[in-house]
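have a look; sequence and predicted model below, questions after that.
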Amino acid sequence: MLLANDFFHIVHDVGSGKLRLNARAAGLGLAGALLGELILNNNLHVASGTLSLTGAQPPADDLGYRIVRQLTADQQTRSLRTWLAFLSQSALERVAVRLTREGEIEPVKSRKLFGSSVRYLPVDPKVAAWPTDRLYGLVNRGDPLDFHDAMLAGLVAVTGFTKGVWWDGDAVTLRHIAAAVGSMPMSMREVLAHTEAAVGDATLSPR
């Protein structure tokens, strides 16, 4: 159960395979999720907006391993915001490749008058819907969230997709998410805060 895989499924429509969230916000959310995976795997630490590698064994997952290699190769750039912006440019495609290799989605390309588009159809709709259904239930019941689920709920919130999961959510829902986020390690909270700021900047600035 990888964080970015879950976030990918949440922001894509199970029936059509289309993105349900603004593409820039989705890319930043996935970038935050990929960094969150490295923090959960004890590969990455964040303090005052600066990334540092812990030297722990790289992830067995190929995508996580490649990102650790990228971080290792670029010793000069340690700004969290810079890495969020960089990873967001290709995060959707890279996570899609991982999910395709794992047999969870099938990319379907469509030709348009000016270029083409890609939909990511789930191989098993129940598997694709599970991250949304599980997170919805956990928060609505007020169940404790582990760091994975707290980070996932936080990413949904900071990318502006709360109503996409908790369509009937209220102030109690938001308080439960905030409490779970507040219990996470500082590294994960920093990733969320900087992701939220980057999404805000992307919303305000035209492409």
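Everything's here; your move.

what's in contact with the helix or strand harbouring V172?
Following DSSP states H and E, one finds V172 within helix 171-182. Contacts with helix 171-182, where a contact means C-beta atoms under 8 Å, 6 or more residues apart in numbering, come from 139-140, 142, 144-145, 149-151, 153-154, 157, 162, 166, 189, 192. For the C-beta atoms, the positions are set from N, CA and C on the backbone; glycine is no exception.

ok, now with 6 Å
139, 142, 145, 150, 153-154, 157, 166 (C-beta atoms under 6 Å, 6 or more residues apart in numbering).

low-confidence ranges, this structure, go.
Along the chain, segments meeting pLDDT under 70 span 113, 205-207.

what about the strands in it?
Applying DSSP state E to the chain gives strands spanning 44-47, 50-53, 105-112, 115-122.

give me the helices and strands touching the last one, please.
It refers to strand 115-122. The helices and strands touching strand 115-122, judged by 3 or more C-beta pairs under 6 Å, 6 or more residues apart in numbering; DSSP states H and E, are strand 105-112.

how many neighbours does K112 have?
For K112, the tally of surrounding residues (other C-beta atoms under 10 Å) stands at 7.

meant to ask about L92
That count, for L92 with other C-beta under 10 Å as the rule, works out to 22.

so where do the helices sit in the protein?
Using DSSP state H, the helices of the chain run over 3-10, 23-40, 62-73, 80-88, 91-101, 125-141, 147-158, 162-165, 171-182, 186-204.

would you convert the ones you listed into JSON lines that also reports distance to R119?
Output for these, formatted as JSON lines (distance: least, C-beta to C-beta, whole Å):
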{"stretch": "helix 3-10", "distance to R119": "13"}
{"stretch": "helix 23-40", "distance to R119": "13"}
{"stretch": "helix 62-73", "distance to R119": "21"}
{"stretch": "helix 80-88", "distance to R119": "20"}
{"stretch": "helix 91-101", "distance to R119": "10"}
{"stretch": "helix 125-141", "distance to R119": "12"}
{"stretch": "helix 147-158", "distance to R119": "21"}
{"stretch": "helix 162-165", "distance to R119": "17"}
{"stretch": "helix 171-182", "distance to R119": "29"}
{"stretch": "helix 186-204", "distance to R119": "23"}
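
with respect to V118, which of the ones you listed lies nearest?
Comparing these against V118 with C-beta to C-beta, the closest turns out to be helix 91-101 (7.9 Å).

buried residues, the closest one. List them.
For helix 91-101, burial by neighbour count (16 or more other C-beta atoms under 10 Å) applies to 91-92, 94-96, 98-99.
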